[in-house]
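Undergrad: Model the following, please.
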Amino acid sequence: MASNTTKAIQSMQGYSLSQFFTTLIASATIGAIEVVLFVAIRTIFKRIYEPKTYLGDEKRRVESLPRTPYGWLPALLKMPKEDLIRTSGLDAYFFARYLYIHAIFFLSSFVLIAIILFPIYTIDGKGKAYGKTGLDILTFGNIPSRHSLRYIAPLVLAYVFLGAYLFLLYIEMKVFVEKRQALLRSSIYQSRASATTILVTAIPKVYLDTDILFRIFNQFPGGVKYIWLNRNLENLPDKVAQRMKLVEKLEAIECKLLKTALKNDAKQKKKKNTINSEQTLTINEEEIIDHYIPQSKRPTMRIGIIPILSSLCCGKKVDALTYCKTTISQLNTEIETEKTRLNNYKPINSAFIQFHTQIAAHMAVQSVAASIPLAMSPRFIDIKPLNIVWSNLKLSYYEQKLRKLIMLAATAALIVFWAIPVTFVGILSNITYLTDKVTFLQVIYKLPTSLLGLVTGLLPTVLLAILMSILPIILKLLAKLSGKPTTDAIDRYVQGSYFVFQVTHVFLFVTISSSVSSVIVDIFQNPPSAATILAANIPTASNFFFSFIALQGLSIACGVLLQVVTLISFYLLGKLFDNTPRKKWRRYFTLSSLDWGTIFPVFTNFIVITLVYSIVAPLMLIISGIAFALYYIAYTYTMFYVNDFPNDSGGLAFPRAIYQSFTGVYLMEIMLAALFFLVQNESGRQAAIPQGILMCILIVLTVIVYMTMRSSFDPLTYYLPVDAEEYVRLENPHASRFPVTKTAIKVLTHCRSTDDISSVSDMNDAVVDFYDNTMENAYMNPALREPKPIVWIPQDSLGIAMAEIQQTQAAYPHVRMSMNGARFNEKMNIEINSSPPDYFKTQDGETIHTRF
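TA: Predicted structure coming up:
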C-alpha cells in the first residue's frame, strides 16, 4: 500500500516551492514599484491622493499627512480610527475594523499554531519518499501513517483556534450593535427624514387612499406626519431623462461651437493684424455666430424612431442646435403641465409614510399591518430619497416573488457555467502534476524554470482575478431586475450572492480541481487507495492559495494606494472627454466611493480560505495576516483621504460579513473531519475516528453559536428598542458596563475633527441627506420635483455665449441658459469657478469658490 501511495504522489515533486517564490517575488516587486510611485507622486497629484483635505463636506475633511517619504505611514497609523466615523461613516469604520481584527488574529494565531504543528508535520514525516517536498512538508498530509497519534495535536488546536475565533466574532458583533444603537439614538440620525419614514409595499387597492393609510398608521405613538402615495407616472420619468440628456448634448454642441469660433478668430487675427477685438464686438448679435461659424459648418444630427440606427445613418438630418432647443422647450412645457395634473396619475401599490417620532416608524415596520394575507408586506425603514429604485415600487408581492425566483435561477445558471473557466484555472495551477499521465503536457518543461513558475503560479491567480471582476456587474443587474426597492438592498443582495460566487469558484472549484486533477488517474488505477491518496493530497491544494493571497496582499493592496485607474481617468480621460463645464465640474468634485457589496465578499472569501487551511497548512495564517495588514493600511488611507461615502448604511454590511465568516468555520470543520476519517495507519485501518467524531461535535456547537448570535443581535441591528430614550436618560449602574456605547454616542453626536479644534454645534449641519424632513416633497418621484435644468456654457472673449443666451431666451422662452462660473481662458480651455447654476446647493457658493 505504501508503494501505491508513493506511486500516486511521485508526480507531485518539484514546483510547489518554485511557484510560491516566483509569485512572491513578482508580487513583491510589483508592490514595491507601486509604493515607490505612490510616495513619489502623492504630494504632486493632491486631487487624486488627498482630495478630502480640501474637497467635500467641511466637517468630513482631514488634515494633510506629512510630505516626507516615510512620515505619512506612522502618521496614518496614529490617526484615531474612531475618526473614520466622522470622515467616512460607519460602513468605512467597520470595514477597516474587519480587516484589522483579522490581521491581528491571523498573525497571533500563526505564532501558536506554527510552533506546535510545524514540528509535528515536518519531523520524521513522509518526505521525498512520498513526494512531499517544498511547502508540502508543512501540511497535514505529511504526517506518516506510523505516527497516527500526532493527529491529536491538530484536533486540540482546531478547538482552541475556532473557540477563540468564535469568541472574536461575538465580541465584534457586540461592539457593532452598541455602535449601531448609538447611531440610531443620536440626534444626527434622528434629524434625517429616513429615520422616521417607512416604505410600505403591496398595498391593497382598497387601501390606496391617504386618508385610509393615515387612519391605519396614525395609531402609532406621535402619529403620521406625511404620506406620499406613489403613482404610475407613465412616460414622465422618461421625458425628464430625455430632457437632461438633450441639455448635456446641447452644452457639448455649444462648447464645441464656441471653441471653433475662438480658433477661427485667432486664425483671422494672425492673418490680419489690423482686426481687433473692438471691431469684432460691433457685429450684430444675431449674426455673430454666423460670422465665425458659416451656416454650412453648423453641427447637424440625425433623428428618427429608432435612436441608434437613426443617429448612424437612417435618420432625418436636422440642425443640432435648433433641434435640441426646440425639443427641450417642448419637454419643459409638457413636464411642467403634467406636474400640475398629479391626481390624474393612478396610484400604485406602495407609499412612503413619515411619522412624527422615530420609535413609531420602527414599531410600524415590525407590526402586522394588514388582515389580508401578504398585504402591505414587506416594509422597509431607513429609506433615503436618493437611493430609491422607483421603477421597482410598483411590483406586487407575487411579481416580486416571481422575479426573485427567475433571478435565483439565473444566478444558479451563472454558477454552473462559470465553473468551466474557473475549473480550467484550477487545473492550470496544478498542471505539473498531470504531466506524467497526460504526456503531451510535458512540453511545458521546455520553458525556463522562472517562466514555468509564472505560468503555473502567477498566471492562474491573474486569470481568476479577472474572471471574478466581471461578476459584480452582472449580479447588480440581476438584483435590480429582481425588484429590490433601494440601492442599499441591491448592495446587500450583491454582497450575499457575490460571496456565494467567491466561495464556490475561487475556493471550492479551485480546491477540488487542483487537488483531484492531480490524483484522479491514480484513483482510477488504484481505487482501494483512494482515501489515502485524497488525505495526502487535499492539503496540497493550499499551494495555489499561497500564491493567490500573496499576489492579492502584495501587489493588489499596493495598487489600492497607487490608484492607477483613477489617475489615468482623471487626467487623460478628463482631458479627452470633459468638453463642457458640467463634465469638468462633475469629474473634479465627484469623489470616488467603495462598493461594499463587492468589496466585503472578496475579503470574507480570503477569511474562508485562511480558516479552512489554518490547521492543515498553517503557513496560510501568516500570508493572510500580512495581506490583511497591507490591505488595512491601503484602505485606511483611501477611506480617510480619497473616498467619499454619501450613502452610508450605518454599517449594515458588517454583520452580514461576520455571519458569512462562519462559512469558513463550517468548511474547516467539515474538511478536518473528513481528513480525520480518511487517514489510515500502517495496517490500513482508520486511525483518527475519535478525532473525526469530535470535529462533528464541534460543527454542532458552531451551529448553536451561530443561531444564538443571530437571535440575539439581529433585532438590535435593524431596529430601535422601546427603551431607547430611557436607556440614554437613566444613569443606572448598568450603563457603566457599556463604555463603547457612550464613546460612540459622543463621536456620533459631537463629530470631533481630527485636530479637535472645533466640533459641530448644530446637529442638523451633520446631516448628509439632500432633502430635509420638513420638505413635503422629500419622497416624491424625482420626475415631479426636478426643476428645469439650465444649459451651462462658458463665457468667451468674443461675446458669442452672451449673444447665444439672448437669442435663445427670445426664441425659446422655456429654455434656460447661463454662463455664470465658467469661461474660456487664453488657451481656449474651459475653466470653472462655481457649481452648475441648476445644482442643488447644500453649501454656500463661497465655500465652493475657494476650492479652486
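Undergrad: Relative to Pro299, how far out is Asn264?
TA: Going from Asn264 to Pro299 by Cβ to Cβ, to the nearest Å gives 15 Å. For the C-beta atoms, the positions are set from N, CA and C on the backbone; glycine is no exception.
Undergrad: got it, and Ile793?
TA: 14 Å.
Undergrad: okay, those two: which has more neighbours?
TA: Ile793 (30 against 15; other Cβ atoms under 10 Å).
Undergrad: nearest spatial neighbour of that one, skipping sequence neighbours?
TA: Distances taken as Cβ to Cβ, 6 or more residues apart in numbering place Glu254 nearest to Ile793, at 4.6 Å, with adjacent residues excluded.
Undergrad: For the host helix or strand of the one you found, name the packing helices and strands.
TA: Using DSSP states H and E, Glu254 falls within helix 236-271. Helices and strands touching helix 236-271, by 3 or more Cβ pairs under 8 Å, 6 or more residues apart in numbering; DSSP states H and E, are helix 288-292, helix 320-339, helix 581-589, helix 782-785, strand 790-792, helix 800-811, strand 822-824.
Undergrad: Of those, which is nearest Lys52?
TA: Judged by Cβ to Cβ, the one of the helices and strands packed on helix 236-271 that comes nearest to Lys52 is helix 581-589, at 12.0 Å.
Undergrad: which is the next helix or strand following that closest one?
TA: Criterion used, DSSP H and E; the element after helix 581-589 is helix 596-613.
Undergrad: check contacts around the spatially most central residue of the chain.
TA: The chain has Asp595 as the residue nearest its centroid, 1.5 Å off, counting by Cα atoms, centre = their mean. By Cβ atoms under 8 Å, 6 or more residues apart in numbering, the residues touching Asp595 are Pro472, Asp491.
Undergrad: How about Asn264?
TA: Taking Cβ under 8 Å, 6+ apart, we find Asn264 in contact with Tyr292, Ile293.
Undergrad: go with 7 Å
TA: Contact analysis of Asn264 by Cβ atoms under 7 Å, 6 or more residues apart in numbering lists Tyr292.
Undergrad: Start the count at 898 instead of 1 going forward.
TA: In the new numbering, first residue 898, that becomes Asn1161.
Undergrad: now it: how far from Tyr1189?
TA: Distance of Asn1161 to Tyr1189, computed by Cβ to Cβ: 5 Å.
Undergrad: Same check on Ser1444?
TA: 62 Å.
Undergrad: Those two: who's more crowded?
TA: Neighbour totals were compared for Ser1444 and Tyr1189, and Ser1444 leads with 27 against 21 (other Cβ under 10 Å).
Undergrad: State the pLDDT value of that one.
TA: If you check Ser1444, the pLDDT there is 83.
Undergrad: now do His1188
TA: At His1188, pLDDT is 71.
Undergrad: So what's the residue count around it?
TA: 15.
Undergrad: Quick check: it vs Gly1696, distance?
TA: On the measure of Cβ to Cβ, His1188 and Gly1696 end up 11 Å apart.
Undergrad: Kindly report the same for Val1144.
TA: Val1144 is 23 Å from Gly1696, by Cβ to Cβ.
Undergrad: Which of the two has more residues huddled nearby?
TA: Counting neighbours by other Cβ under 10 Å for Val1144 and for Gly1696 shows that Val1144 has the greater number, 23 against 15.
Undergrad: Quick check: closest non-adjacent residue to the more buried one.
TA: Closest to Val1144 by Cβ to Cβ, 6+ apart is Pro1686, at 4.7 Å.
Undergrad: I'd say the one you found and Tyr1736 touch.
TA: No. Taking Cβ atoms under 7 Å as the definition, Pro1686 is not a contact partner of Tyr1736, at 10.1 Å.
Undergrad: The two: which is more packed in?
TA: Regarding Pro1686 and Tyr1736, a neighbour count based on other Cβ under 10 Å identifies Pro1686 as having more, with 22 against 16.
Undergrad: For that one, give me its contacts.
TA: Arg1140, Met1141, Val1144, Asp1735.
Undergrad: so where do the helices sit in the stretch 1298-1447 of the chain?
TA: 1346-1350, 1356-1378, 1384-1398, 1407-1413, 1417-1422, 1427-1434, 1439-1448 (DSSP state H, counting those that start in this stretch).
Undergrad: so where do the helices sit in the stretch 1448-1597 of the chain?
TA: 1454-1459, 1461-1465, 1471-1474, 1478-1486, 1493-1510, 1516-1538, 1550-1575, 1586-1615.
Undergrad: Pull the residues that contact the third one.
TA: Among residues not part of helix 1471-1474, those counted as contacts by Cβ under 7 Å, 6+ apart are Arg1484.
Undergrad: at 8 Å what do you get?
TA: Contacts for helix 1471-1474 (Cβ under 8 Å, 6+ apart): Lys1480, Lys1481, Arg1484.
Undergrad: Based on its surroundings, how many neighbours for the last one?
TA: Close neighbours of Arg1484, defined as other Cβ under 10 Å, add up to 16.
Undergrad: Identify the residues contacting it.
TA: Phe1467, Gly1471, Asp1475.
Undergrad: swap in the second one?
TA: For Lys1481, the contact set (Cβ under 8 Å, 6+ apart) comprises Gly1471, Asp1475, Ile1727, Ile1729.
Undergrad: Select from these every entry located in strands.
TA: Counting by DSSP state E, the part of the contacts of Lys1481 found in strands is Ile1727, Ile1729.
Undergrad: Just give me the closest of the contacts of Lys1481 to Leu1360.
TA: Gly1471 (31.3 Å).
Undergrad: ok, back up a step: between the contacts of helix 1471-1474, which is nearest Val1457?
TA: Checking the contacts of helix 1471-1474 against Val1457 by Cβ to Cβ gives Arg1484 as the nearest, at 20.7 Å.
Undergrad: Look up how far Ile1601 lies from the residue nearest to Ile1690.
TA: 68 Å.
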